[in-house]
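Trainee: Kindly generate the corresponding structure for this input.
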Amino acid sequence: MGNPDLREIAAIESMAMDDIAGSTLAIDTHNWLYRYLTIVVRYTNSEAYTTSDGTEVANLIGIVQGVSKLLEHDITPVFVFDGIPTDLKEDEIKARRKSRKQREEQLETAKEEGDQVEIARLQSQTQRLTPTILETSRELLSILDCPVIEAPAEGEAQAAHMAKEGAVDGVGSEDYDTLLFGAPTTYRKLTSSGNIERMNLSKTLEKHDISFEQLVAAGILCGTDFNDGVHGFGPRTAIKAIKKHGTLDAVLEANNVEVPMADRIQSLFRDPTVTSEYKFDKSVAPDVDVAREYLTSNWEIEPTEIERSLERITTATQQTGLDDWT
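Mentor: Numbering: from 1, shown residues only. Got it, this is the predicted structure:
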């Protein structure tokens, strides 16, 4: 998810989704899916997305809700799925698992106490992207004719790479690390109601009068998904230190501290594992009837939970002519 401390460093502006109508965005899919998964689980009766054999596929309701919102605003989504995560992320993954286990224990207590509000909150926070969720997500996105790209490693890195190459107009993600991966423009809060946020790389560098390499160094001092931050370094302190000393190594030496595998982490952001061997068609022609059958018959989704979103998808593609784009 990236360190939220980066928010204080980044140049961010608020805007309406209509302001980016006509854009093509590389969506950090695991991040996007998780957002909708937690929303659906928290605010929807579990019977609506649980099959007769007990399989939960709340992601399917979230996808039609999320895709309809994007298409309604004349935005073409290109969904980028994570590949194999770098071993540097193992500690972060372990920490998330530990945190989820703690919340699962709290959930059991809430169930014993009959606290329905707490149950709903904790159920949303204990969601994970299971193999079934990832498989069904790919299948439904295909039926909706949304382009899907498989990243070799980090999805946000691949999305940033596509934006740098000009294949898309920006990245859609809540992850602040897209900035450190060099995404020129990142759009946040695409899954929220109200305005969205645009995070701009060039304006961030100009704001602090630093290079991209120095931005990465400041981010590492604050902490990323691949390393803990250095004690005593918040956003302002990190920027000040980098501007004074020039490089991460010089800051670490001046303060007699270390960041394990610092060179490798810097390289991961500067030269991540990505691919340029991708292609996609910007035309979007969702087969809503097949999607409806897939959702209700294959996965027993309650029709009332998805019908309005499917209608919105139909209306959006008819009105905007997304299926005629080239």
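Trainee: I'd like the distance between the residue lying closest to Thr296 once chain neighbours are set aside and Glu293.
Mentor: Spatial nearest neighbour of Thr296, excluding adjacent residues (C-beta to C-beta, 6 or more residues apart in numbering): Pro303 at 5.4 Å. (Each C-beta comes from the backbone N, C-alpha and C, glycine too.) As defined by C-beta to C-beta, to the nearest Å, Pro303 lies at a distance of 11 Å from Glu293.
Trainee: where along the stretch 101-250 of the chain do the helices fall?
Mentor: 116-125, 131-143, 155-164, 177-180, 201-208, 212-222, 235-245, 248-254 (DSSP state H, counting those that start in this stretch).
Trainee: which one of those helices has the lowest average pLDDT?
Mentor: Note on those: helix 116-125 shows the lowest mean pLDDT, a mean of 46.
Trainee: dump the residue contacts of Phe269.
Mentor: The neighbours of Phe269, taking C-beta atoms under 8 Å, 6 or more residues apart in numbering as the test, are 177, 180-182, 216, 219, 224.
Trainee: Just flag the most distant two among those.
Mentor: Gly182 and Thr224 (13.8 Å; C-beta to C-beta).
Trainee: Compare those two (neighbour count), which wins?
Mentor: Thr224 (24 against 19; other C-beta atoms under 10 Å).
Trainee: how close does the more buried one get to Ser192?
Mentor: Counting by C-beta to C-beta, the separation of Thr224 from Ser192 is 24 Å.
Trainee: Arg308 too?
Mentor: Arg308 is 19 Å from Ser192, by C-beta to C-beta.
Trainee: got it, and Phe226?
Mentor: For Phe226, the distance to Ser192 equals 27 Å [C-beta to C-beta].
Trainee: And Ser211, by the same measure?
Mentor: Separation of Ser211 from Ser192 (C-beta to C-beta): 32 Å.
Trainee: for Leu201, same thing?
Mentor: Using C-beta to C-beta, Leu201 is found at 22 Å from Ser192.
Trainee: of the two, who's got more company?
Mentor: More neighbours surround Leu201 than the other of Leu201 and Ser192, with 23 against 13 (other C-beta under 10 Å).
Trainee: Show the average pLDDT along stretch 29-46.
Mentor: Averaging pLDDT along stretch 29-46 yields 91.
Trainee: chain center to that stretch, what's the gap?
Mentor: The chain centroid and the centroid of stretch 29-46 are separated by 12 Å under C-alpha atoms, centre = their mean, to the nearest Å.
Trainee: Name the residues of it that come out as buried.
Mentor: Neighbour-count burial for stretch 29-46 flags 29-42, 44 (criterion: 16 or more other C-beta atoms under 10 Å).
Trainee: Kindly report the same for stretch 283-296.
Mentor: For stretch 283-296, a neighbour-count test (16+ other C-beta under 10 Å) marks 284, 286, 288, 291-292, 294-295 as buried.
Trainee: got it, and stretch 295-309?
Mentor: 295, 299-302, 305-306, 309.
Trainee: Which entry within the buried residues of stretch 283-296 corresponds to the minimum pLDDT?
Mentor: In terms of pLDDT, Val284 ranks lowest among the buried residues of stretch 283-296, with 91.
Trainee: my read: it touches Gln318, true?
Mentor: No. Assessed by C-beta atoms under 8 Å, Val284 is found out of contact with Gln318, at 11.7 Å.
Trainee: Having no further points to raise, I will conclude here.
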